[in-house]
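>>> Provided below for reference: sequence and predicted model.
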Amino acid sequence: MNSEKSQRHNARMARKKAVIDEKIQASDINRGVLLVLTGNGKGKSSSAFGMLARSLGHGMQAGVAQFIKGRDHTGEEVFFRRQPGVQWHLLGEGFTWETQNLVQDIATARRGWEKVREMLQDEDLGLVILDELTYPLKYGWLELESVLADLTARPPMQHVIVTGRGAPEPLIELADTVTEMHDTKHAFRAGVKAQPGVDL
Ligand code: ATP
Ligand code: MG
């Protein structure tokens, strides 16, 4: 790079840094945030569990609820159950995809939500992950209104992460941070089966 070019580059970088520093200065609110990770692309649950690792690294306590059924124990479940400060709840064990027993599914989901509500009232939990919560919402097993009310009433410093495809609009509106994973390509479509460490 000639010196004129490098001077221009340095000046541009200095301006950029000033803008970013100003934004950092202006961001001085400290509170719990609600995150929604949605979309059809891969990376929703694994992103949430990345934040779980971060939280534990900071000495926080955390709770996880998974609303899915019939899945082998994932690597993250096995790993995080061994860590102090984590409670892990599988709330989908009774879901009946096969038998289509709506009454039973609603009962299972509502029973599960009672457990979630306990976590959403526990000030000791700095992070609560509601993995695949969008499914019981989508099928109407849980009432969106009351779910949103419980999320809103949580302790002010508690972070909550909701994952799952097709997040409903009111949940997206309530959230502070929303990321939509875009499915550009997935090995599954080339016939690769779910790989331990990558997919489960
Ligand atoms: P991950 O747990 O890997 O972060 P996810 O939470 O974004 O994935 P889910 O909808 O919960 O995605 O699906 C879970 C499983 O399905 C994972 O094994 C994941 O690799 C796989 N998967 C995710 N997205 C796709 C896709 N677009 N096509 C095929 N399989 C997918
Ligand atoms: Mg997932």
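Perfect, thanks for sending it. Ligands and ions are numbered 1, 2, ... in the order given.

>>> Now for Gln195, how many residues are close by?
10 (other CB atoms under 10 Å). Just so you know, the C-beta spots here come from the backbone N, C-alpha and C atoms, and that holds for glycine as well.

>>> I'd like the distance between the nearest residue to it once chain neighbours are set aside and Ile24.
Spatial nearest neighbour of Gln195, excluding adjacent residues (CB to CB, 6 or more residues apart in numbering): Ala187 at 7.8 Å. Distance of Ala187 to Ile24, computed by CB to CB, to the nearest Å: 38 Å.

>>> In terms of neighbours, single out the busier of these two.
The neighbour count for Ala187 versus Ile24, taken as other CB under 10 Å, is higher for Ala187 (13 against 9).

>>> Next up, phi/psi of that one, please.
phi -60, psi -30 (degrees, to the nearest 10).

>>> Over to His89?
Torsion angles, degrees, to the nearest 10, at His89: phi -120, psi 120.

>>> Bridge partners for it, pull those for me.
With DSSP bridges as the criterion, His89 is bridged to Ala65.

>>> Mind checking if stretch 47-62 is in reach of ligand 2?
No. Contact of stretch 47-62 with ligand 2 (CB under 5 Å from the ion) is absent, the minimum separation being 8.0 Å.

>>> Gln121 in helix, strand or coil?
coil (DSSP: H, G, I helix; E, B strand; the rest coil).

>>> ok now do it, which residues does it touch?
153-155 (CB atoms under 8 Å, 6 or more residues apart in numbering).

>>> Gly197 too?
Gly75.

>>> That one belongs to a helix, doesn't it?
No. Gly197: not assigned to a helix; according to three-state DSSP it is coil.

>>> Any idea what the residue positioned nearest the centre of the chain is bridged to?
In the chain, the residue lying closest to the centroid (CA atoms, centre = their mean) is Ile161, at 3.3 Å. Legend: beta-bridge partners of Ile161 under DSSP bridges are Leu35, Ile129.

>>> domain assignment for this protein?
1-30, 32-183 (automatic domain parsing).

>>> what are the phi and psi angles of Ala149?
Taking degrees, to the nearest 10 as the convention, Ala149 sits at phi -60, psi -40.

>>> Begin at 16, not 1, for the rest of this chat.
Right, with 16 as the first residue, what we last looked at is Ala164.

>>> distance of Ser60 from ligand 2?
According to CB to the ion, to the nearest Å, Ser60 stands 3 Å off from ligand 2.

>>> Provide the secondary structure category for that residue.
helix.

>>> got a list of what it touches?
52, 91, 146-147, 178.

>>> Tell me the confidence at it?
Here the pLDDT value assigned to Ser60 is 97.

>>> What of Trp112?
So, for Trp112, pLDDT stands at 66.
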